[in-house]
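K.L.:
What would the 3D arrangement of this be:
(4 chains)
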Number of protein chains: 2
Amino acid sequence: MGKGAETRERILDIAQASVLAKGFGATSIDEIIAEAGITKSGFFYHFKDKNELAREMLRRFIDENDRVFDEIFSRGRELSDDPLQALLISLKLLAEVLRDAQTQHPGCLVASICYQERLFDREVVDLAKQGTMNWNARFRSHFAEIAAIYPPRGARVEDLADTLACVIDGGIILARLMNDPGRLERQVLNFRSLVGLVFSPDAAASKPLRVASAA
Amino acid sequence: MGKGAETRERILDIAQASVLAKGFGATSIDEIIAEAGITKSGFFYHFKDKNELAREMLRRFIDENDRVFDEIFSRGRELSDDPLQALLISLKLLAEVLRDAQTQHPGCLVASICYQERLFDREVVDLAKQGTMNWNARFRSHFAEIAAIYPPRGARVEDLADTLACVIDGGIILARLMNDPGRLERQVLNFRSLVGLVFSPDAAASKPLRVASAA
DNA sequence: CCAATCGCTGTACCAGCGGTGCAGTTTTTG
DNA sequence: CAAAAACTGCACCGCTGGTACAGCGATTGG
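P.N.:
As a prediction, this is how the structure comes out:
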């Protein structure tokens, strides 16, 4: 890596940490260059404006995210031949990864961008959109594969992939707002249980210990 | 309503529309006062700073939200004595309201604030937190009531309330990002199906028409 | 070895933003 | 009719993203 690329990466690292901690709008260029030990001219040599910074950050973030997810879901496949079991394993791994990642930086750039749409240009928004579509497609095909074996009950399989995206994005918001990192993990695990319920071969799979109360 | 309160409300209306459309950071005071037909001094006569504007906006928003939700969930109770049926009815109504409200204002202020935390002071964040806690408490007690009659299967009842919040917040993000308003409604309806599954008195309740495929 | 490119620095400047201070004026109301 | 409320007008501040451009040392391909 040449010296230029090195500085560029350093800028992106600093910016990403700041954006995830306090949002894009609250992250000033002056702040970034101070921490990076460069001048304003130096910054604009690498990025023509703040939009380009956002775009490159998002690209990196999505790539890294895809890498982690690929690992999690191929690991699930490794550990079980059954697609349902594989998914349930992967969801457990996902919950753990999200729990641990939270101490590092508890935010989702995509959602952050979504809520400040007008600050960004089309390219940035499209990138966020594409990233979300890719990751939903992954789940949709996984669910379709499972549904071919275990007839789903109750829920619409096509919407389950979106539900997972919602649970993660919503979980991040909840965990942040409530200052309770465990909430995100619990939500993913709860989703996992629901998936198990939807595709359970028979109702007996999770028969509860009959509650001795009303009705 | 005196003239002062009238102007104040007008400012809040304009600000809210702008914030929901393009985010808090992208909403400038100059813009608001231009549309309201007042001067900058006039604005600061009503609100000492942008934080106070955010706070009052949020207060109004949460109150209005609570009002709508109260109506939806009391309507559910009216239409059925059974708490599970009441909730399922309410969730259908909720899905419809969210679908229709989206053309009006397609955002959730609370999440918007969460993602720009550092722009706001403690008071604003606490207000958002309190609002979310109140609305989750509502669902938690509703679910507890149902669980006392219908033993839940699979999912943890304590987390289901959070899941609904996640589905709504996440659904808003997804609908915005994908420019597909229907997604939010589908997600709430899907959640409704999952609730039905968790609390269904017996497995037969939603037996699917057996798929003639693999396995 | 030298010239060109790379990777910056330094300086000067711009408009828009949130915000302050304060004196003065109109409008409302008890 | 006077006091209080609801503003206006203007000057000014620091920070922000962003532009323009001249220059300078290190690296590198011909």
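K.L.:
And chain B, is the helix-or-strand element of chain A with minimal mean pLDDT touching that?
P.N.:
None of the helices or strands of chain A scores lower by mean pLDDT, DSSP states H and E than helix A:109-114, at a mean of 82. Yes - counting by Cβ under 8 Å from any Cβ of the partner chain, chain B has neighbours in helix A:109-114: A:V110, A:A111, A:S112, A:C114. For glycine as for every other residue, the C-beta is placed from the backbone atoms N, C-alpha and C.
K.L.:
Return the distance of the last one relative to A:L58.
P.N.:
Between A:C114 and A:L58 the distance, using Cβ to Cβ, to the nearest Å, works out to 11 Å.
K.L.:
likewise A:I72?
P.N.:
To A:L58, A:I72 is 21 Å away according to Cβ to Cβ.
K.L.:
neighbour count winner among those two?
P.N.:
Comparing A:I72 with A:L58 by neighbour count (other Cβ atoms under 10 Å in any protein chain shown), the higher total belongs to A:L58, at 24 against 17.
K.L.:
Just after the longest helix anywhere in chain A, pick out the following helix or strand.
P.N.:
In terms of residue count, the longest helix belonging to chain A (DSSP state H) is helix A:50-79. Later in the chain than helix A:50-79, the nearest helix or strand by DSSP states H and E is helix A:83-104.
K.L.:
Run through who's touching that next one.
P.N.:
Helix A:83-104 has contacts (Cβ atoms under 8 Å, 6 or more residues apart in numbering or on different chains) with A:68-69, A:72-73, A:75-77, A:79-80, A:142-143, A:145-146, A:149-150, A:168, A:171, A:175, A:181-182, A:184-185, A:188-189, A:191-192, A:195-196, A:199.
K.L.:
from the residues you listed, which are also near chain B?
P.N.:
A:I149, A:Y150, A:I168, A:G171, A:F191, A:G196.
K.L.:
out of those residues, which are inside helices?
P.N.:
Short answer: these in helices (DSSP H) are A:I149, A:I168, A:G171, A:F191, A:G196.
K.L.:
Most neighbours among those residues, which one?
P.N.:
That'd be A:G171 among these, by other Cβ under 10 Å, with 28 neighbours.
K.L.:
If I follow the layout properly, that residue ends up in contact with A:P181?
P.N.:
No - in this structure, A:G171 is not within contact of A:P181 by Cβ atoms under 8 Å, at 10.1 Å.
K.L.:
Beyond whichever strand or helix holds A:E31, next helix or strand please.
P.N.:
When elements are assigned from DSSP H and E, A:E31 belongs to helix A:29-36. Under the assignment DSSP H and E, the closest C-terminal helix or strand after helix A:29-36 is helix A:40-46.
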